[in-house]
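**Q** below are the sequence and a predicted model; questions follow.
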Amino acid sequence: MSDTHQILVHGVCPHDCYDTCGMEIEWKDGQIYRIQGQTDHPITQGFLCFKVNRYLERVNHPDRVLYPLKRTGVKGAGQFKRVTWDAALRDIADRLGHVIDRFGGDAILPYSFAGNMGVLSEGSMDRRFFAAIGAANLDRTICTASANYVLRQMFGQRLGPDPEQIPQAQMIVLWGANPMATNVHQIPLLDHAQKNGAKIWTIDPLNTETAVRYHRHLPLTPNSDAILALALGRYLIHHELYDQNFVEQYTAGFAAYRDAAEPWSLETAAWHCGISPAAIEELALDIAQIRPLLIRPGFGMQRQTNSAWAVWAVASLAVLTGAWKDTSGGLLLSNSDAFPLNWQGIHRPDLALGQSRTVNMVELGIALEDGSTQALVVYNANPAATAPEQAKVLRGLSRKDLFLVVHEQMMTDTARYADYVLPAALSMEVLDLHLSYWHRYVQLNIPGGPPAGESVANTELFRRLAKAMHLEDPAFQESDADLIRTALDTDHPYLTGITLESLYENPVQKVRISEETRPFIDTRINTLDGRIHMEPIGGNRSFGGETGKYFLLSPSRRETIKSSFANLESFQRRLPDPELLVNPFDADAEAWNDGEWVRILNQRGTTKAKVRISRVPPRGTVVSYAVRWNHSADGTNINQLTPARISDIGGGATFYSTRVDITREGAADDVG
């Protein structure tokens, strides 16, 4: 008779992805043994993406941090010794206390993002802790800030049609979205729509896997999205093909929109966008005539200098055409506000000691170099690899006077600079609540055993730090179950009947919005005047001295989510070297050979990669997928080159407004 103890629990993929997959996780003898997609999950449908199919490699990776570590070598060398939790907490509390006494609480900067998107793990006990010690506020803008700002200004909230309605749409515009790599569970829905007769257009500078799959591709010049969208709008207005009744009944600011669109004729836009007037006209006629119309932008579209302007212009097309009138129509950029949790109760901003400075996370390098930050606490993030203007960030992390604490699962690039590395539990080892910014399911992640080694959840880390720093408010004693109950403590009808207890019985529950509900038609428009606003937002932000010969784009790839999974052996075997995708015409003009090492550089920094001749980028644009770890790639990655410049409105990142020069490896690195 076997003594093996097995248990099957429901888990949720925690990574920063639209799909937020449900997983069946099998534990054996207290360890994670098998991971697969939940077969009866309405979105996941039994399959996981390329990277999460390799999750066991991450669970058992030799880079895993399982015990508290204290630095013994120079910063960046990755030399540590094991210490006890008690010793680490005492020293961290003393040193943070010293910073508070000498420089004030806001000399302590938390730095985190969406490395774990569980409600508790991403932002709960940590927010309480940093508020109570008077730490600086981190403006978490690096991914979606401009888009969030625009959606709230235009519609009052981030709400789109239910993605399960996608098969009913007859005209779908994928704008700056590559779901084959970043939203794979949308593909069956798009395929179903196509079988139902839908036309699917892809608007993207790159000839992505998605563009190839759905054939109708407009390869516009990078950063020209707003121009194309305004040209489409102008055409609809001039030819009286827009929905005048919808505009009159539901909107404000149409005249201002019309004036903003007026300069962008088909010919003018075609010149700026690098596509033909006839192609723009064909798309305009399809947008005007085929219903239901769904415009599906990706968040990558707004990681440019004129981010807000681009999102506003594209979103306005869904308004101008009255696309919201159909259940499967409208604009599907975010469904984040379909989950009206008790955010105030989770975060407890009332614990704050007073007004603290705010740091935009895009500008981390500045905050480290100017001396205003004396202590940095990093969790759910790997800024040494993922933050822009990397050379500046690495110089800041190397400061001898900077006290750096990193809570991590892996010995990342950032962890290698830390004074203390504290072991973080994997998401599937902790109790957590998960939402999606794409679909509409609330899910409970249920652990089947304890965290490995001495690793702890983010919530437990900040409970321990609060105790070490003698913070006695009862808010710091709440359990994870208490925090979930607080999160769900709301009378909003979307969450009626969804409780911790009900989620234990059924860990996947849809918010209480009918699939037939049309946002902003059947729901309230949450602007002050109750109307959708079409007035121009953003624009006119310059590239700030970008003079390189080539546009550089660094989008996400199917194998990683930013730097997560980049240390897996399967990834490194498949893609052992950093690569730069180059159009065949550019490679021929520069006499570059496939596999040749080149150096990519601009005024911010330099890195190197192997040329891969590819039809993915158009002429004049090169691609390096984000992002590799530094210490396994000559100490740098592509974020040496990306700007910490802030977008037009919303404080967003501008990764995709980068220009570079390229030289052969070993040639002079002078940048004009």
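**A** Alright, I've got the coordinates.
**Q** Pro493: neighbour count?
**A** 10 (other Cβ atoms under 10 Å). Placement of C-beta: from N, CA and C, glycine included.
**Q** run a quick neighbour tally on the closest residue to Thr412 other than its chain neighbours.
**A** Closest residue to Thr412 apart from its sequence neighbours, by Cβ to Cβ, 6 or more residues apart in numbering: Asn382 at 4.5 Å. Neighbour count for Asn382, taken as other Cβ under 10 Å: 25.
**Q** any idea how far Asn382 is from Lys562?
**A** Distance of Asn382 to Lys562, computed by Cβ to Cβ, to the nearest Å: 8 Å.
**Q** likewise for His98?
**A** 33 Å.
**Q** comparing those two, which residue is more hemmed in?
**A** Applying other Cβ under 10 Å to His98 and Lys562 shows that Lys562 carries more neighbours, namely 23 against 13.
**Q** quick one: list the elements packing against the helix ranked longest in the chain.
**A** In the chain, assigned by DSSP state H, the helix with the most residues is helix 85-103. Helix 85-103 sits against strand 108-111, strand 375-379, strand 403-408, strand 420-423, helix 458-468, with contacts defined as 3 or more Cβ pairs under 8 Å, 6 or more residues apart in numbering; DSSP states H and E.
**Q** 6 Å instead?
**A** In terms of contacts (3 or more Cβ pairs under 6 Å, 6 or more residues apart in numbering; DSSP states H and E), helix 85-103 is packed against helix 458-468.
**Q** tell me the helix or strand right after the helix it packs on.
**A** The helix or strand immediately downstream of helix 458-468 is helix 480-487, counting by DSSP states H and E.
**Q** now the helix or strand that that following helix is followed by: buried residues?
**A** Scanning forward in sequence from helix 480-487 by DSSP H and E, the next helix or strand is helix 500-505. Buried positions in helix 500-505, judged by neighbour count with 16 or more other Cβ atoms under 10 Å: Leu500, Leu503.
**Q** so how far is the longest helix of the chain from its chain's centroid?
**A** 32 Å (Cα atoms, centre = their mean, to the nearest Å).
**Q** buried residues in that helix?
**A** Under the neighbour-count criterion of 16+ other Cβ under 10 Å, helix 85-103 has Trp85, Ala88, Leu89, Asp91, Ile92, Ala93, Arg95, Leu96, Val99, Ile100 buried.
**Q** next, the angle from it to helix 458-468.
**A** 70 degrees (axes from the mean of the first three to the mean of the last three Cα atoms, to 10 degrees).
**Q** now the angle between strand 375-379 and helix 85-103, please.
**A** Orientation note: helix 85-103 sits at an angle of 140 degrees relative to strand 375-379 (the same axes, to 10 degrees).
**Q** keeping just the C-alphas, turn helix 85-103 into PDB.
**A** Output in PDB follows, covering the C-alpha atoms of helix 85-103 (Å, rounded to 0.1, in the frame of the first residue of the first chain):
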ATOM      1  CA  TRP A  85      14.500  35.200   9.100                       C
ATOM      2  CA  ASP A  86      14.900  36.700  12.500                       C
ATOM      3  CA  ALA A  87      18.300  38.100  11.900                       C
ATOM      4  CA  ALA A  88      17.300  39.500   8.500                       C
ATOM      5  CA  LEU A  89      14.200  41.200   9.800                       C
ATOM      6  CA  ARG A  90      16.000  42.700  12.700                       C
ATOM      7  CA  ASP A  91      18.700  44.300  10.500                       C
ATOM      8  CA  ILE A  92      16.200  45.400   7.800                       C
ATOM      9  CA  ALA A  93      14.000  47.000  10.400                       C
ATOM     10  CA  ASP A  94      17.000  48.800  12.000                       C
ATOM     11  CA  ARG A  95      18.200  50.100   8.700                       C
ATOM     12  CA  LEU A  96      14.800  51.200   7.500                       C
ATOM     13  CA  GLY A  97      14.300  52.900  10.800                       C
ATOM     14  CA  HIS A  98      17.700  54.700  10.400                       C
ATOM     15  CA  VAL A  99      16.600  56.000   7.000                       C
ATOM     16  CA  ILE A 100      13.400  57.300   8.400                       C
ATOM     17  CA  ASP A 101      15.100  59.000  11.300                       C
ATOM     18  CA  ARG A 102      17.800  60.600   9.100                       C
ATOM     19  CA  PHE A 103      16.000  61.300   5.800                       C
END
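**Q** ok, and what's touching it?
**A** Contact with helix 85-103 is made by Pro68, Ala107, Ile108, Gln374, Ala375, Phe403, Val405, Tyr420, Arg464, Ala468, Met469, as judged by Cβ atoms under 6 Å, 6 or more residues apart in numbering.
**Q** now do 10 Å
**A** 67-70, 82-84, 105-108, 133-135, 353, 371-375, 377, 403, 405, 419-423, 454, 456, 461, 464-470 (Cβ atoms under 10 Å, 6 or more residues apart in numbering).
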